[in-house]
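> Okay, predicted coordinates and the sequence, questions at the end:
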Amino acid sequence: MPLLSPLFRSALGLALAAATLPALAQSTKTPKYSNEFLNVGVGARALGMGKVQVSLADNSTAGYWNPAGLTRQTAKYDGTLMHSELFAGIVKTDYAAFSMPIDERSAVGISVIRLGVDDIADTRSLINEYGQIDYDRISLFSIADYAALLSYARKLGPEGLSVGASAKLIYRNVGSFANAYGFGIDAGLQYQRRGWRLALMARDVTTTFNSWSIDADKFKNTTPFGISEDVPGNSTEITLPRFVLGVGQQFSLPGQFTALVATDIEMTTDGRRNTPLSTGLLSVDPRLGLELGYKQLVFLRGGAGNFQKVSSFDNKKSTVGQYSLGAGVALNGLRVDLALSRLDATFGSYSQTNSLIVSLGYGLK
């Protein structure tokens, strides 16, 4: 068993690299799932609610979910930290955010995200010049994606309406084999009236590009990657826009309890996906989130989304989804949130291991 994790890490790293390179085979390409690390989600509150957050975000996490929500921040300064591990700790995500109002009508924020697989074994030189295995010749590398978001939000004339935008700086790295630099813009709005929360988020609204540079010499005669032709030295990868429409409503319940019910409807424009509604123009993925609170102190959460149509081995078709649970405590500006999320749908009797996400937030009055 101790050997299993390194082997799986290496296999997963090679698979990620192999999946990345075909997308770079053309000088300009708009593949599905481009920059998908930016769609994993941040903050245990949001992930516990099935990533339903576009109409609800009102602290430093709004820089990621919907920058317009930065104007709803009640604290003078707000910060959030998150760490999560997927696939038994192989894939790690780290996130940090900070935000503050700059006057009565506007606010700014900054967010930093890293998703990576570390300590991948490079075995290209495993066999020495005498045809013998030499484990000292194994080196390690990482595959990691980074993003920094600079956000600005402002309240507009109609009461309850706010708009915002985030400029994204992206760096993606595949060890010493390849790297990419990218830039894009997200824009969003939020509107609150009579307890209703409405929002629209446009990710990659101007399209987001990644400019890749590849060291083709390092891939020559490298069979694990399955490359049979020259690797391009430079290419540009385009991420097409996606839109998220959000609606939420909070209800007061007896005994100082509250219930917050919200839904997000995500629409991608990069071709047909395996979603409940899919056309050549748009693929629509609905999500639902619920948060029960007591005295705005203790919270229980649940969410559902990522609904897909799957076929079993006996060709029976069914619809499965991704479900999540969460809990949180808020006291004197400190927020501690946990989420348990199944990051893959269940297929027959096989399902992916649940993942635990932890995040801390603090709002200084």
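Alright, I've got the coordinates.
> going forward, measure contacts and count neighbours with C-alpha atoms only.
Fine.
> tell me the mean pLDDT for the helix or strand where Gln322 lies?
Using DSSP states H and E, Gln322 sits in strand 317-331. Mean per-residue pLDDT for strand 317-331: 89.
> Run the chain-centre distance for whatever helix or strand comes next after it.
Moving toward the C-terminus from strand 317-331, the next helix or strand (DSSP H and E) is strand 334-341. Strand 334-341 has its C-alpha centroid displaced from the chain centroid by 16 Å (C-alpha atoms, centre = their mean, to the nearest Å).
> Strand 334-341 pairs with which strands?
Here strand 334-341 has these sheet partners by DSSP bridges: strand 317-331 (antiparallel), strand 355-364 (antiparallel).
> Mind listing residues that contact the strand holding Gln322?
44-45, 47-50, 296-311, 335-347 (C-alpha atoms under 8 Å, 6 or more residues apart in numbering).
> Going by neighbour count, which of those residues are buried?
Among those, the ones that count as buried by 16 or more other C-alpha atoms under 10 Å are 44-45, 47-50, 298-308, 310, 335-343, 345, 347.
> where does the chain dip in pLDDT?
Scanning the chain for pLDDT under 70 picks out 1-32, 219-233, 342-354.
> Repeat the analysis, applying 50 as the threshold.
Applying pLDDT under 50 to the chain flags residues 1-27, 223-228, 343-351.
> which SS state does the residue of the chain most remote from its centre fall under?
Here the chain reaches farthest from its C-alpha mean at Tyr130, the gap being 46.4 Å by C-alpha atoms, centre = their mean. Put simply, Tyr130 is coil when judged by DSSP: H, G, I helix; E, B strand; the rest coil.
> For it, which residues are in contact?
Contacts of Tyr130 were listed using C-alpha under 8 Å, 6+ apart, and none were found.
> Now go through the contacts of strand 317-331 and say which are in strands.
Of the contacts of strand 317-331, the ones assigned to strands by DSSP state E are 298-311, 335-341.
> count of neighbours near Pro276?
14 (other C-alpha atoms under 10 Å).
> wait, doesn't it sit right on Lys309?
Yes - counting by C-alpha atoms under 8 Å, Lys309 is a contact partner of Pro276 at 7.5 Å.
> how close does the residue nearest the centre of the chain get to Thr208?
With distances taken as C-alpha atoms, centre = their mean, the residue of the chain nearest its centroid is Val40 (2.1 Å). The gap separating Val40 from Thr208 is 17 Å, by C-alpha to C-alpha, to the nearest Å.
> before we move on, back to that, out of the strands paired with strand 334-341, indicate the one that is most buried.
Burial of those is given as mean neighbour count (mean count of other C-alpha atoms under 10 Å); strand 355-364 ranks first at a mean of 20.
> mind listing what's buried in the strand or helix carrying Val284?
Using DSSP H and E, the element containing Val284 is strand 283-294. For strand 283-294, a neighbour-count test (16+ other C-alpha under 10 Å) marks 283-293 as buried.
> Then stretch 146-158?
146-155.
> which of the residues you listed lies closest to Leu356?
Using C-alpha to C-alpha, Tyr146 comes nearest to Leu356 of the buried residues of stretch 146-158, at 21.4 Å.
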